[in-house]
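In: here is my input, please return the structure:
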Amino acid sequence: MVEITVTYEGDLRCRAVHGPSGAELVTDAPVDNHGRGESFSPTDLVATALGTCMLGITAAKRGWDLRGATVTIVKEMVADPERRIARLVARIRTPGPLDERARAVLERAALGCPVQQSLPERVDRPVTFEWDTAPADGPAH
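Out: Here you go, the predicted structure:
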């Protein structure tokens, strides 16, 4: 169990404190929703959670070095009938050569990460993988 304490600071801005570590982050409503847009919005954090969840854990468990891998998430909102996330488009890029088996393992992990599994079906979540095309000697460099 993890406890996170969120304090409203006014003007649609909140400060969140991660109980176990004491790390803090600030959220701000986006400009198109009456905020200042000076930090991550709550829905930006959902997109961020998806991207960070998709990277790393499976590779780290296998000793694969994927430093430099990136996930770019494009968040698309809708306002009708209610304001919500409609689509989170993910593009995953990995450095270095990976063989087909390693690619399959990483694809399964990204598509099955806990955040992916927690989002409702009505949020469209297409994922594109861009692999380094250099020949692979083993599972990963």
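
In: what helices and strands are in contact with the worst-scoring helix or strand of the chain on mean pLDDT?
Out: The helix or strand of the chain with the lowest confidence, counting by mean pLDDT, DSSP states H and E, is helix 57-61 at a mean of 76. Counting contacts by 3 or more C-beta pairs under 8 Å, 6 or more residues apart in numbering; DSSP states H and E, helix 57-61 packs against helix 100-111. C-beta here means a position set from N, CA and C on the backbone, and glycine is covered the same way.

In: can you list the strands that whichever strand or helix holds Thr128 pairs with?
Out: Assigned by DSSP states H and E, Thr128 belongs to strand 127-132. Partners of strand 127-132 in the sheet, by DSSP bridges, are strand 84-97 (parallel).

In: so what angle separates the directions of the partner strand and helix 100-111?
Out: An angle of 160 degrees separates the directions of strand 84-97 and helix 100-111 when computed by axes from the mean of the first three to the mean of the last three C-alpha atoms, to 10 degrees.
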